[in-house]
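Participant: have a look at this prediction, sequence included:
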2 protein chains.
Amino acid sequence: MSLREDRKQQSHQALLDATLALSSQGRAFSTISLREVAHAVGLVPTAFYRHFQDMEQLGLELLDQVAIHLKGVLNQLGQAYLYQPNTRTKTGIELFFQAVEYHPEPWIFFVAERWGGSAVLRAGIEREIRFLTEDVMHELEKMQAAQHIQSSQDLQALAQMLIDLSLNWAMGWIHLQHQADPELRRTQSNVFKTQSVLQMQLLLRGILHWHRIPTKTADPSISTATSTPLI
Amino acid sequence: MSLREDRKQQSHQALLDATLALSSQGRAFSTISLREVAHAVGLVPTAFYRHFQDMEQLGLELLDQVAIHLKGVLNQLGQAYLYQPNTRTKTGIELFFQAVEYHPEPWIFFVAERWGGSAVLRAGIEREIRFLTEDVMHELEKMQAAQHIQSSQDLQALAQMLIDLSLNWAMGWIHLQHQADPELRRTQSNVFKTQSVLQMQLLLRGILHWHRIPTKTADPSISTATSTPLI
DNA sequence: TGTACATCAGTGAACGCGCGTTCACTGATGTAC
DNA sequence: TGTACATCAGTGAACGCGCGTTCACTGATGTAC
């Protein structure tokens, strides 16, 4: 790569990083201005246009990078379980929280903009969640404990639930790390970790005892699903 | 109430309603301007100050109203189950989606601003979620199917999970109602409904087969929780 | 009931500010010979 | 290797616009007598 290309690439990535930093400080993406991002990187506002058409395009490119990170973390967790299926739930949750704490920014951006002010970004994130759900589904298919769940619809519902829960756990954990008092932070973090483990285990019990009452038809518009009493 | 007070109250509520309407059209609260809200209501910008100090104060008052609505919907669902414990899961989910579809705005505001651009609003929403979780906990305590879950920590983890899942279901459902093609909307809505029922049932299996391995101590910072293998 | 004064929701002009975007430019880097 | 020209990331002035906020105001409604 030439000197010129190299320097351009640096500015380009710096603009993306500055935006992610602002986002993870609690700013809504749709309130972050082009001028602000350029200034943070030491560029004049008009230089922004050498890299992106507008903030929306920057947002989409940032989403790409963020999604790759999330996918990496989730895949790594999945791999760990495939190779050591007897790992404790608590250890798994701790690994997850460790990854989230080390790189909280992508999680914050992803969750905050999932229902944020930019329609294009929302659509992009929904798309990425579909991909992540597929990933998790395929990992579940390989796992021993979930082998008896055969319906792909059941597996998808489970995968979707795991993704949603992961996002909630991640945000809860990040939020707790902002507690100033270190003693209080320690206590609350432990309570939260325990609760997350309990939630995961509740789900595991459900999987373990899963046996689906077969539906009459494959047409989802007619399907009545199962019908056990709700609590 | 005097004529003057009455008219003031109308403008006051109109400002709140206009803001909620903008929010539920996908706008981030932190991008909604005082001038815009005043204009939507047919007031001059400066008249806004007769009602609220700034947009943040309006946001907090709006959150109060929104939280009352959500609490009402969840309580009504809980009551329905207390009086008819054998209702099908599917019927319960359908009642929930019906309530959400009839009044989607509060759900959109609540979920979008949960991780939105206003720190004060985020704190307020976190507070309301704690209250909602307590509510659900107390309803669970009264229910037959969850009687064998005794630890209040387990109950809280379950309640928290139910709240989080409800918010996800609500947003997923609202999102689907924006699908323009009526045939596609019907199909996708049915798939989504089926998946939500499956998720609820998976959780119910977990509850049904719940028996907690006792922890050694009550101190959550030392507690090791349970430790069954994670999938 | 009628009058004189007080209250106060809503008005309209004005302000300084940060915004996105345009345009002609500069000067370091790249390329052709 | 040296020179002459092309490319293009970054500059700086300028623009019109919507923003929050101030201020003195208006006139319908409320209150005291």
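Facilitator: Arrived safely. Numbers count the residues shown, from 1 in each chain, chains lettered A, B, ... in the order given.
Participant: now the helices for chain A?
Facilitator: Assigned by DSSP state H, chain A shows helices spanning A:3-24, A:34-40, A:55-83, A:89-102, A:105-114, A:119-142, A:152-176, A:182-208.
Participant: columns distance to chain B and mean neighbour count on top of these, output as a markdown table?
Facilitator: (C-beta placed from N, C-alpha, C; glycine too.) Shown next, in a markdown table, are those (distance: least, CB to the nearest CB, whole Å; neighbours: other CB atoms under 10 Å in any protein chain shown):
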| stretch | distance to chain B | mean neighbour count |
| --- | --- | --- |
| helix A:3-24 | 10 | 16 |
| helix A:34-40 | 13 | 17 |
| helix A:55-83 | 6 | 17 |
| helix A:89-102 | 4 | 18 |
| helix A:105-114 | 4 | 22 |
| helix A:119-142 | 6 | 16 |
| helix A:152-176 | 4 | 20 |
| helix A:182-208 | 4 | 19 |
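Participant: closest to B:Arg212 out of the ones you listed?
Facilitator: helix A:182-208 (8.2 Å; CB to CB).
Participant: which secondary structure elements does the closest one contact?
Facilitator: helix A:89-102, helix A:152-176, helix B:152-176, helix B:182-208 (3 or more CB pairs under 8 Å, 6 or more residues apart in numbering or on different chains; DSSP states H and E).
Participant: turn those into TSV, columns for distance to DNA strand D.
Facilitator: Listed next are these as TSV, based on distance: least, CB to the nearest atom of the strand, whole Å:
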stretch	distance to DNA strand D
helix A:89-102	29
helix A:152-176	27
helix B:152-176	26
helix B:182-208	33
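Participant: need these in JSON lines with mean pLDDT, can you?
Facilitator: Formatted as JSON lines, those follow (pLDDT from 0 to 100):
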{"stretch": "helix A:89-102", "mean pLDDT": "97"}
{"stretch": "helix A:152-176", "mean pLDDT": "97"}
{"stretch": "helix B:152-176", "mean pLDDT": "97"}
{"stretch": "helix B:182-208", "mean pLDDT": "96"}
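Participant: so which of the helices of chain A comes closest to B:Gln177?
Facilitator: Minimum separation from B:Gln177 across the helices of chain A (CB to CB) falls at helix A:119-142, 14.6 Å.
Participant: contact partners of that closest one?
Facilitator: Residues from elsewhere that reach helix A:119-142 (CB atoms under 8 Å, 6 or more residues apart in numbering or on different chains): A:29, A:56, A:59-60, A:63, A:67, A:70-71, A:74-75, A:78, A:82, A:110, A:113-116, A:146, A:149, A:152, A:155-156, A:158-160, A:162-163, B:26, B:175, B:231.
Participant: show residues contacting stretch A:176-186.
Facilitator: A:Glu101, A:Pro104, A:Gln188, A:Ser189, A:Phe192, B:Ser221.
Participant: roughly how far apart are the fourth one and A:Glu101?
Facilitator: As judged by CB to CB, to the nearest Å, A:Ser189 and A:Glu101 stand 10 Å apart.
Participant: okay, and the common contacts of those two?
Facilitator: Residues touching both A:Ser189 and A:Glu101 (CB under 8 Å, 6+ apart): A:Trp173, A:Gln177.
Participant: circling back to that earlier point, quick one: closest of the helices of chain A to B:His211.
Facilitator: Nearest to B:His211 among the helices of chain A is helix A:182-208 (8.8 Å), distances taken as CB to CB.
Participant: what's the angle from that closest one to helix A:119-142?
Facilitator: Compare the direction of helix A:182-208 with that of helix A:119-142 by axes from the mean of the first three to the mean of the last three CA atoms, to 10 degrees and you get 60 degrees.
Participant: the contacts of helix A:119-142 also near DNA strand C: which ones?
Facilitator: Near DNA strand C, taking CB under 7 Å from any atom of the strand as the test, no member of these is found.
Participant: tell me the residues of chain A that contact DNA strand D?
Facilitator: Those residues of chain A that sit near DNA strand D, judged by CB under 7 Å from any atom of the strand, are A:Arg4, A:Arg7, A:Lys8, A:Ser11, A:Gly42, A:Leu43, A:Val44, A:Pro45, A:Thr46, A:Ala47, A:Arg50, A:His51.
Participant: any idea which of the residues you listed is least confident?
Facilitator: Across these, the bottom pLDDT score, 91, is held by A:Arg4.
Participant: next one: A:Gln25 relative to B:Ala123, how far apart?
Facilitator: With the distance defined as CB to CB, A:Gln25 ends up 15 Å from B:Ala123.
Participant: before we move on, what about A:Pro182?
Facilitator: For A:Pro182, the distance to B:Ala123 (CB to CB) stands at 20 Å.
Participant: before we move on, what about A:Met55?
Facilitator: Distance from A:Met55 to B:Ala123, counting by CB to CB: 27 Å.
Participant: who's in contact with stretch A:147-162?
Facilitator: For stretch A:147-162, contacts defined as CB under 8 Å, 6+ apart pick out A:133-134, A:136-137, A:140-141, A:146, A:203, A:207, A:210-212, A:220, B:165, B:191, B:194-196, B:198-199, B:202.
Participant: just give the nearest non-adjacent residue to A:Lys90, would you?
Facilitator: Nearest non-adjacent residue to A:Lys90, counting by CB to CB, 6 or more residues apart in numbering or on different chains: A:Val197, 5.1 Å away.
Participant: cool, A:Val66 as well?
Facilitator: That would be A:Pro106: by CB to CB, 6+ apart, it lies 4.1 Å from A:Val66.
Participant: please look at that neighbour and A:Leu20 and confirm they touch.
Facilitator: Yes - when contacts are counted by CB atoms under 8 Å, A:Pro106 is listed as touching A:Leu20 (7.4 Å).
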